[in-house]
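Q: Following is a predicted model, sequence given first.
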Amino acid sequence: MRLGSGTFAAGCVVIEVLGVALFLRGFFPAPVFSGAERQAESPAPEPSAGASSNWTELPPPLFSKVVILLIDALRDDFVFGSKGVKFMPYTTYLVEKGSSLSFVAEAKPPTVTMPRIKALLTGSLPGFIDVVRNLNSPTLMEDNVITRAKAAGKRIIFYGDETWVKLFPKHFVEYDGTTSFFVSDYTEVDNNVTRHLDKVLKRQDWDMLILHYLGLDHIGHISGPSSPLVGHKLSEMDSILMKIHTALLAEERDPLLPSLLVLCGDHGMSEAGGHGASSMEEVNTALVLVSSAFERKPGDVRHPTRVQQTDLAATLSIGLGLPIPKSNTGGLMFPVVEGRPMREQLRFLHLNTVQLSKLLQENVPSYNKEPGFEQFKVSERSHRNWIRLYLEENNSEVVFNLGAKVRRQYLDALRTLKLSLSRRAAQYDVYSMAVGTVLVLEALVLLLLSVPQALSSRAELDVPLLSPVCSLLFYLLLLALAALHVVVCTAADSSCYLCSLPWLAAGGVMTLIAALLCAGMSALTRVFAGGKCLSQNPPQSTSRWSELDLLSFLGTVGHVLSLGASSFIEEEHQTWYFLVNTLCLALCHQIYRKCLLGDDCAPQHCPHTGEEFDGVAVALQGKRAGPEGWELSRAPADPSSLEALRGSERWMVLASPWLVLACCRLLRSLNQTGVQWAHRPDLGHWLTSSDHKAELSVLAALSLTMIFVLVQKRCSLTSKVAMAFGLLGIYCYRAAIGNVLFPWQQDNKDISKGITEARFVYVFVLGILFTGAKDLLKSQIIAADFTARTVGLWEIHSGLVLLATLLLRPHNLPVLVLSLAIQTIMAQFIWRPLRHDVAEVTVMHYWFGQAFFYFQGNSNSIATVDISAGFVGLDAYMEIPAMFLTAFATYSGPVLWASHLVNFLTSEASSGSALSHACFCYALICSIPVSVYIILVTSLRYHLFIWSVFSPKLLYEGMHLLITAAVCIFFTAMDQTNTKS
């Protein structure tokens, strides 16, 4: 089956999109989450053999006040080991002899602060994808103890890590957040918390006090757990605990309703001092509950028992008399209620098991076959019988023994339900990740093996698909993959996304994998056969790699290798800035050598001894496969084309690389991005401040004028008028929402949402796009109407520019102006005179597109996504338009540079294969980073920064690949239009 190289590349990218989607679904498994809204509802009634229950209300609270003392990185041996004995004597006394309960709480990876806080207070096992689902706000939307307590009228005070303030805004009656960024500070960061203690402990106007100390974690990052600073910090924490406990005991008035002090850690600390992975030192944390309700008898020795960190949410809810969070996967820590009457114990356990069984029903289709659900039903029936017996004989030994049996049944059901839910929520779906990775790698291998044919002068390749599919190997592979799928899906602990798909869909994925594998093996056989033939009859080629070829290769490889380091991902903009600047210097060297020294470094044409061998030579040498395949027209044919330039044109060619460099340097100072320097002031912050609104207004007006000047020159008269009115409407929109001022406007009165003005601009955007589409259709009807086709493509490009102008913030309009200016300079004074081939022009467009992605202030952090762009012109949230507008605003740089590439090649190329070559090169250069990165992420999935650095980058790579697929489809459509014309 013969396909154009562009069509083949677009198909491969679409397959990669499918593979990445499967990988993301496995890497970010859907958390165990309750779909029910957080609202007041009646608690589950107590089981009763009669017509109605005798106990339908929530049990009363067990504690009057709760103090949570969270010490960051408090691993278990810091309290229960030798360090605790030496440096925390008061805590050790409480653990060994005092009124306390001690536990070793296991934290599931990732062992970093924000997910652990969520686990402590929601009882669920959150992942990074939860942040992505709430891009509009960092607020924790999931049901949790803090929100329940606030709804119940509890007054909550917080001091410590500002993460809590971001997760729970407007929940605290008083708070003071401290930043956790500066790990070198382990003193002031804790003193800022302690300084409030004396005052707040004397007050009676609070019900919950939360303290989050960061100093111990910072010491671990600096010098590790063996540092002498750890001992000093533990002693400081011990004295703080003693102060709090003493104050709580002095304030207790009702012995039946005592206070509760919770000492806990969010995660542990590795031997190197870090955290984030799954070693024992990182997942085991100390948890001590201190209350006079836990008084022990003489000789009562209590050793720390193992619990899950998620168990604290259910325990706190019961202790405060609150409903258990709906998404809780933890169980009540039974020793907390062990001293209560039997009926209350069973009531607490019943509430917990009912909540877990409901969560199981919402997340597991075959929940009634789960062992935990069956145990719950048996326990509930036994509980019902016990209630009937209890009401008849209140104090008999038979009632107590039967109650103890029901209690054991409930505890067994709790353990089984917790295990089912935690397994579903905490594990990576490795099977889906592996299948997605295989699809992506197969598509990449096919692209690489198809380079010789795809970049030949005909821009066609024979896709080896039909013959392998009809072969015995294909059916054997398909049978093996189906058997593997059955084995994985029938495993006892399997909870894979692919296994939940219908057999037809899963079979389609297996068929695709087998077909791609056979096609790849067939292509590989052809390459080896062609290599042997080439070695027997080597072509007489004088082609050699140019400086730009070498720079493109080394830059791509260097960027891919840099993705394995968290610092390079955080500061990836520096990589692209360096590559673009180096590219400008290489172009400058090439221009000066040709103009001043008369050295012709243009690529030489290689006489070809046959289409296929010539294609192999192209792949090896990275050059054009014949005079027509890669040559760009409208350039002088003689090698000394630059020498033909005279006067101002010659000087512009000499100065053009330096002009591009100056533009790039100016853009770097407009928006600080990344992590290390994002806090530094930049020109964008200066312009957006309220004191400089007049300056921003002037800059916006000048930018809109320059956009019109740079874009209108190749548009039709209708599009020029629409562009002018559209740009005027954009300024009116920005003035309506208060970003800029009209000359006659003196203040910010009459600020509106600007919906009418934005929709006014949308009309002109659609009008320009429609005009461009009409011209393209005209070029197909009227044969060889080259002018209509180029005008139509440019009008589509102009419509996209107008849409980007509307969505970008006013201070980013110079980014768009300089992008258009650089495109004009490069096209007129670099690409045409130097006669660069299609591959080089494509790589340069791709690099500049990536650089402009960061020039507009983006980074690999989710926080830099401008969500407001998705609401321009909308008076209510509409999911699909909002997603499209947000994605376009974020990736406007790469999209506009890809659109310009289509326009440039269409107007300049002398061969119809230019767009096919460009599409193939663009797909290949985008596929290599994402293919390597998913392998890196898989190997680094327990890395300390997997959720804060690597996971956001993974989402950006997935979205970038989706944009690339759309670009390649556009390339292919325009190539088909060109062929028909």
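A: Great, that's in hand.
Q: Which secondary structure state does residue 67 sit in?
A: Assigned by DSSP: H, G, I helix; E, B strand; the rest coil, the conformation of residue 67 is strand.
Q: can you give me the strands in the stretch 251-400 of the chain?
A: Assigned by DSSP state E, counting those that start in this stretch, the strands in the stretch 251-400 of the chain fall at 260-264, 284-290, 305-308.
Q: Which one, of those, ends up nearest to residue 224?
A: strand 284-290 (16.9 Å; CB to CB). Where C-beta positions appear, they are placed from N, C-alpha and C, glycine not excepted.
Q: For the closest one, which residues meet the burial criterion?
A: 284, 285, 286, 287, 288, 289, 290 (16 or more other CB atoms under 10 Å).
Q: Out of those residues, which comes closest to residue 477?
A: Using CB to CB, the buried residues of strand 284-290 come closest to residue 477 at residue 284, 44.8 Å.
Q: wait, isn't that closest one in contact with residue 76?
A: Yes - using CB atoms under 8 Å, residue 284 is in contact with residue 76, at 4.4 Å.
Q: list residues touching both of these two?
A: 104, 268 (CB atoms under 8 Å, 6 or more residues apart in numbering).
Q: about what we covered before: can you redo the buried residues of strand 284-290 as JSON lines with pLDDT and distance to residue 364?
A: JSON lines is the format used below for these (pLDDT from 0 to 100; distance: CB to CB, whole Å):
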{"residue": "284", "pLDDT": "94", "distance to residue 364": "29"}
{"residue": "285", "pLDDT": "96", "distance to residue 364": "29"}
{"residue": "286", "pLDDT": "97", "distance to residue 364": "33"}
{"residue": "287", "pLDDT": "97", "distance to residue 364": "29"}
{"residue": "288", "pLDDT": "97", "distance to residue 364": "34"}
{"residue": "289", "pLDDT": "97", "distance to residue 364": "32"}
{"residue": "290", "pLDDT": "96", "distance to residue 364": "37"}
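Q: quick one: low-confidence ranges for the stretch 51-200 of the chain?
A: Within the stretch 51-200 of the chain, the stretches with pLDDT under 70 are 51-53, 110, 126-138, 180-184.
Q: all strands of it, in order?
A: Using DSSP E, counting those that start in this stretch, strands in the stretch 51-200 of the chain cover 66-71, 100-106, 156-161, 174-178.
Q: To residue 416, which of those strands lies closest?
A: strand 100-106 (17.4 Å).
Q: chain center to that closest one: distance?
A: 34 Å (CA atoms, centre = their mean, to the nearest Å).
Q: Show me what it is in contact with.
A: Under CB under 8 Å, 6+ apart, the answer for strand 100-106 is 76, 79-80, 94-95, 264-265, 283-291, 294, 302-309, 311-312, 333, 335-336.
Q: likewise stretch 668-680?
A: 570-574, 577, 681-684, 811-812, 814-815, 854-859, 861, 864.
Q: Of the residues you listed, which belong to helices?
A: If you go by DSSP state H, the contacts of stretch 668-680 have 570, 572, 573, 574, 577, 683, 684, 814, 815, 854, 855 in helices.
Q: Verify the contact between the last one and residue 666 for me.
A: No - look at residue 855 against residue 666 with CB under 8 Å: they stay out of range, at 9.7 Å.
Q: Give me the more crowded residue out of these two.
A: Counted by other CB atoms under 10 Å, residue 855 and residue 666 do not tie: residue 855 has more neighbours, with 28 against 14.
Q: Now do the same contact list for the closest residue to the more buried one other than its chain neighbours.
A: Leaving aside its chain neighbours, residue 855 sits nearest to residue 667 (4.4 Å; criterion: CB to CB, 6 or more residues apart in numbering). Residues near residue 667 by CB under 8 Å, 6+ apart: 814, 815, 818, 852, 855.
Q: among those, who's most crowded?
A: Result: residue 855 is most packed of the contacts of residue 667 (other CB under 10 Å), 28 neighbours.
Q: Pull the contacting residues for it.
A: Neighbours of residue 855 in contact, by CB under 8 Å, 6+ apart: 664, 667, 668, 670, 671, 815, 819, 893.
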